[in-house]
Each structure stands twice: as C-alpha cells, then as structure tokens.
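Chemist: predicted structure and sequence below. I'll ask about it afterward.
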Amino acid sequence: VNFRNYTKRKAQELRLVGFCVNTPEGTVTGVVEGEPPQVAAMRAWLTTEGSPKSRVDRLDASDPMPVESLSFDTFDVDRSYGHAPRPKAQSHAPNGSRRAGTSATNSSKGRP
C-alpha cells in the first residue's frame, strides 16, 4: 500500500525528520521530530489519511515531548523489519529553539 513512502513524502513536506519502518506484526512504527505544529499536523495526517490505498485502524502515539536538538538529519524509510535508523550524534540547538518529537505505531492495511 506504499504507506511508508507516503509517510516519508508527508514528513518531508512538513519539514520533519525521523523514520518509519515495517514491523513483523504488519504495522508501521516510527519517530517524527520537528516544530510542534508540524508534528501535530503529521499526527493528524497519520490518523486520518495515510496512503491512498491504506486503511488506518489505529494510531498509538506518545505525547509530543520537547527535544533540545533533532536526533535525525532527514526522514528515512527502513525496508527491513524493526531495524530503525540510528539517530545522529546529539548537538546543541540554538537558544530559544523549540522542537517536539513523538513516536507512533500505525496499524495500516490495504483497503478492501
């Protein structure tokens, strides 16, 4: 259903970083980081849309948490099961920087 690739496109559109990966259980899991309004927009998109041929049954997401600096440089799709990309080395964010991060597991299946 191409869910991960649509998720990557949406993340790039919203200027978010992180990753998504398939799980052995048939779900997609991942992490997004970026500005709070964009993280909220991604969460809404994951809950209501996803890819055109997917059906989102449920979104299990952690509450967004403030992060000092982003853990990733880009948003990546991992093609293997359960092997998330490694975060980059932590660096300090500019003063006054406000970013949020959230992790989510999305149960998506092909549309009937």
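Modeler: Cool, got the structure. Numbers count the residues shown, from 1 in each chain.
Chemist: contacts, neighbours, all on C-alpha from now
Modeler: OK.
Chemist: so Cys20, which of the three states?
Modeler: strand (DSSP: H, G, I helix; E, B strand; the rest coil).
Chemist: hmm, it is touching Glu33, no?
Modeler: No. Cys20 is beyond contact range of Glu33, at 11.9 Å (criterion: Cα atoms under 8 Å).
Chemist: kindly state the pLDDT recorded for Pro112?
Modeler: Reported pLDDT at Pro112 in the predicted model: 35.
Chemist: all helices for the protein, in order.
Modeler: 3-13, 36-48 (DSSP state H).
Chemist: can I get those helices in CSV with mean pLDDT and mean neighbour count?
Modeler: Output for the helices of the chain, formatted as CSV (pLDDT from 0 to 100; neighbours: other Cα atoms under 10 Å):
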stretch, mean pLDDT, mean neighbour count
helix 3-13, 93, 18
helix 36-48, 91, 17
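Chemist: nearest to Glu68, out of those helices?
Modeler: Closest approach to Glu68 among the helices of the chain is made by helix 36-48 (12.6 Å; Cα to Cα).
Chemist: alpha carbons only: can I get the closest one in PDB?
Modeler: Taking Å, rounded to 0.1, in the frame of the first residue of the first chain, the C-alpha atoms of helix 36-48 are listed here in PDB:
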ATOM      1  CA  PRO A  36       5.400  21.400  17.300                       C
ATOM      2  CA  PRO A  37       2.700  22.500  14.700                       C
ATOM      3  CA  GLN A  38       4.300  20.300  12.100                       C
ATOM      4  CA  VAL A  39       4.500  17.300  14.400                       C
ATOM      5  CA  ALA A  40       0.800  17.800  15.200                       C
ATOM      6  CA  ALA A  41      -0.100  18.000  11.500                       C
ATOM      7  CA  MET A  42       1.800  14.800  10.900                       C
ATOM      8  CA  ARG A  43      -0.100  13.100  13.700                       C
ATOM      9  CA  ALA A  44      -3.400  14.200  12.300                       C
ATOM     10  CA  TRP A  45      -2.400  13.000   8.800                       C
ATOM     11  CA  LEU A  46      -1.400   9.600  10.100                       C
ATOM     12  CA  THR A  47      -4.700   9.300  12.000                       C
ATOM     13  CA  THR A  48      -7.000  10.400   9.200                       C
END
